[in-house]
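Enquirer: Sharing a model that was predicted from the sequence below.
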Amino acid sequence: MDAEYYKKIGFKCGLEIHQRLSTKEKLFCSCDAGMPKDYIIDSVDRMQRAVAGETGSIDRATAFESMKRRKFVYSIFDKSTCLVDIDEEPPHSLNPEALDIALEIAVALHAKLPDEIEPMRKEVVDGSDPSAFQRTMLIGYDGFIEVGKRQIAISSIFLEEESSGIEESSGSQVIYNTDRLGIPLIEIDTPPDIATPEEAKAVAMQIGLLLRLSGRVQRGIGSIRQDVNVSISDGARVEIKGFQELETMDKVIEAEILRQTKLIEIRKELLKRKAAVERPKDVTKMFSNTKVGILSKAIDNGGSVYAARLRGFAGLLGIEISPHRRLGSEISDYAKMAGVGGIIHSDENLEGYGFSAGEKTALKEVLGINDGDAFIIVAGSKTECRSAAELAVHRAELALEGVPLETRAVDQKNVSTKFLRPLPGGSRMYPETDALPVEVAERMQTEAEKAAGAVDIKKAMDKLEKEIGKQLAEQMIWSPRLQSYYYIIGNSKAPKALVASVLLGRMTEIRRLGFDVDQIDNDTLLRVFEDYADGKITKAAIDEVLKALPKEPNDVDRIIKDKGLEKIGGKKLEEIVKKFASKGRDKKFLVGEIMAKYRLNIDGEELNKILKNFG
């Protein structure tokens, strides 16, 4: 679809890019921010509830999370967790290294810097912070980035704390790891001016490239996250969270457009039918002898069954609104928030569940089902079931309004989105009383401008082309291994084109073979290329070392020795040539025979040179 189509449907789209910064310490404490290999020493349990923000009202997303009544367990780590992380000690001073990096990136995005940086608290709605809030501060605004022929505005840039990483989740409990909690994070926001899904993807790629060029951000899975805000005319703003990879961003946005379009159509039909949603009823007794596995299991375990009439909804619950998702799926997602496995609804094949004709008739009588009506059924523990039924009914009521304001997750498998929680509002922000404001001094502005001058995409591309050629440069500039390339060529004498081809090509092929080469750090990669540059290994041996490193991290020298990968050259290679030649081999076959035995140890060019001079 072209830009005119998206303009016609009232398409609005903006991005939020979240990137961890590469600092020694966390944002408000001295814990290690480098995600070291650490071990759990303890845990703390918390229950959280919604509180009013600075506007005096409770945010809808935090209120929704409170309805779940879940317990949060936070794993405590030896080196990377402290009392600040678990909210048992006030925050320390703001990390100056993190602030410097954030200001450099803000200036590189042509943003204005505030005179004073004011730390704020933002309520965390999913329990991922033991304190139930995240510290954040505005460090830049009114910037822009050039993407193609367009100038895309950057409305705001924030420096904030990373959240905890989820380890395990069940209906009533979530376990979080606090090792990443508090790592400095920069958030870069655009206004909803992006014209097409394809442009959204291009903007995200361009911002990601600028961040990598800074050389001051972490790399690896999870270190950068892209969120998309999208809506269409008569729809609603939906935040899509969790883009780890950008390849399908445009397709996921297109699926969300389809979903909103279908929900708008369903709303019109519901209004035409004068549809309504009734409160759920406890129908446990009715199914005391049921053969329906989902219901009987809940009842046998002391649980309940609830059902609700959806007047005028017949045939609409089964309508596909995006790839592999229906209106019934949306209602089910809300019910799952309370811990149940989902819902059963009347647009499904009820016989397939095992419902008898008598059960269906009795249920219709109890609920007052008429032609054109639908119903939903929820089963689970008594507490979970009641909450799940109320949440499911609430989502059905929202269908009468069209598209709900929601935060949704990327469903990578189906290239679509799924419900996470209601969309947060401004009510969850309030001042941070334990952290002092920071004045942006003239020195800080000057230093940021000086550092930002090095982050120039065009200059970086021109330099790469001169170093490794146009083809490799076009791949390397967009590669997450860009900073690895810079680090290696800046600290070794290895040929630049070889470094680039190994990072881009060979490591990708080795990963596809099942070797987790992504975990190899830059210092270890550097040692591999130093060994090549120093003549200790051949090009062919580099692959074998890389394959072994995931199982034997940081042990390059031992891998080379144990696998017999030492390079053979000089006098020793001449002796091998003489030995093979003495057996009467024809000179033209010597290369093949020698390389067949010593492929990983001998450099082909050196062998050819010796053979050329061999009498």
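Expert: Cool, got the structure.

Enquirer: Break the protein into its domains for me.
Expert: Per automatic domain parsing, the structural domains of the chain span 3-245+427-431, 276-399, 456-562, 570-613.

Enquirer: Give me the neighbour count for the closest residue to residue 193 other than its chain neighbours.
Expert: Nearest non-adjacent residue to residue 193, counting by CB to CB, 6 or more residues apart in numbering: residue 153, 6.0 Å away. Where C-beta positions appear, they are placed from N, C-alpha and C, glycine not excepted. Other residues near residue 153 come to 16 when the count uses other CB atoms under 10 Å.

Enquirer: three-state assignment of residue 153?
Expert: Secondary structure, DSSP: H, G, I helix; E, B strand; the rest coil: residue 153 is strand.

Enquirer: Let me know whether it touches residue 190 as I believe.
Expert: Yes - if you go by CB atoms under 8 Å, residue 153 and residue 190 touch, sitting 6.2 Å apart.

Enquirer: Buried residues, the helix or strand harbouring residue 73. List them.
Expert: Assigned by DSSP states H and E, residue 73 belongs to strand 71-77. Residues of strand 71-77 classed as buried by neighbour count (16 or more other CB atoms under 10 Å): 72, 74-77.

Enquirer: Same check on stretch 365-378?
Expert: In stretch 365-378, counting by 16+ other CB under 10 Å, buried: 367, 369, 373-378.

Enquirer: In helices, which of those residues appear?
Expert: Judged by DSSP state H, helices contain the following of those: residue 367.

Enquirer: Adding distance to residue 386, write the buried residues of stretch 365-378 out as CSV.
Expert: Conversion of these to CSV gives the following (distance: CB to CB, whole Å):
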residue, distance to residue 386
367, 17
369, 21
373, 22
374, 21
375, 17
376, 14
377, 13
378, 9
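
Enquirer: Which two of the buried residues of stretch 365-378 have the greatest separation?
Expert: 373 and 378 (17.2 Å; CB to CB).

Enquirer: hmm, back to that, just curious, which of the buried residues of stretch 365-378 is nearest to residue 308?
Expert: Proximity to residue 308 was ranked across these by CB to CB; first place goes to residue 376, at 5.5 Å.

Enquirer: give the contact list for the closest one.
Expert: 307-308, 310, 317, 331, 343-346, 389, 392-393, 396 (CB atoms under 8 Å, 6 or more residues apart in numbering).

Enquirer: What about the residues you listed, which one has the most neighbours?
Expert: Going by other CB under 10 Å, residue 392 tops the contacts of residue 376 with 32 neighbours.

Enquirer: In contact with that residue: list those residues for me.
Expert: 280, 308, 331-332, 334-335, 343, 376, 378.

Enquirer: Next, find the distance separating the closest residue to it other than its chain neighbours from residue 189.
Expert: What sits nearest to residue 392 in space, not counting adjacent residues and going by CB to CB, 6+ apart, is residue 335, at 4.2 Å. According to CB to CB, to the nearest Å, residue 335 stands 32 Å off from residue 189.

Enquirer: ok, the two, which is more surrounded?
Expert: Ranked by neighbour count (other CB under 10 Å), residue 335 and residue 189 place residue 335 first, with 27 against 19.

Enquirer: Doesn't the residue nearest to residue 392 lie inside a helix?
Expert: Yes - counting by three-state DSSP, residue 335 is part of a helix.

Enquirer: Extract the residue ranges of the chain that are flagged as low pLDDT.
Expert: 48-69, 171, 425-427, 582-588, 613-615 (pLDDT under 70).

Enquirer: could you point out the longest helix in it?
Expert: helix 249-272.

Enquirer: Phi and psi next, for the nearest residue to residue 493 once chain neighbours are set aside.
Expert: Leaving out its chain neighbours, the residue that sits closest to residue 493 by CB to CB, 6+ apart is residue 533, at 4.3 Å. Main-chain dihedrals, residue 533, degrees, to the nearest 10: phi -60, psi -30.

Enquirer: quick one: residue 533 from residue 494, how far?
Expert: Counting by CB to CB, the gap from residue 533 to residue 494 is 4 Å.

Enquirer: Those two: which is more packed in?
Expert: Applying other CB under 10 Å to residue 533 and residue 494 shows that residue 494 carries more neighbours, namely 20 against 16.

Enquirer: you'd agree the more buried one is in a helix?
Expert: No - assessed with three-state DSSP, residue 494 is coil; it does not lie in a helix.

Enquirer: For the top strand by length along the chain, name the packing helices and strands.
Expert: Counting residues, the longest strand in the chain under DSSP state E turns out to be strand 133-147. Under the contact definition 3 or more CB pairs under 8 Å, 6 or more residues apart in numbering; DSSP states H and E, strand 133-147 sits against helix 96-108, strand 116-117, strand 120-123, strand 150-161, helix 197-214.

Enquirer: Nearest to residue 430 among those would be which one?
Expert: Checking the helices and strands packed on strand 133-147 against residue 430 by CB to CB gives strand 120-123 as the closest, at 5.4 Å.

Enquirer: Greatest separation within the contacts of residue 392: which pair is it?
Expert: Top of the distance list for the contacts of residue 392 (CB to CB): 280 and 332, 14.3 Å.

Enquirer: Look up phi and psi at residue 353.
Expert: phi -80, psi -20.

Enquirer: ok, now residue 411?
Expert: phi -100, psi 90.

Enquirer: Now it: closest residue in space that isn't a chain neighbour?
Expert: Counting by CB to CB, 6+ apart, the residue nearest residue 411 is residue 418, at 4.8 Å.

Enquirer: coming back round to it: next, the angle helix 96-108 makes with the longest strand of the chain.
Expert: Here strand 133-147 runs at an angle of 30 degrees relative to helix 96-108 (axes from the mean of the first three to the mean of the last three CA atoms, to 10 degrees).

Enquirer: Tell me where the stretch 251-400 of the chain has helices.
Expert: For the stretch 251-400 of the chain, the helices defined by DSSP state H, counting those that start in this stretch cover 293-300, 327-336, 350-353, 357-367, 382-399.
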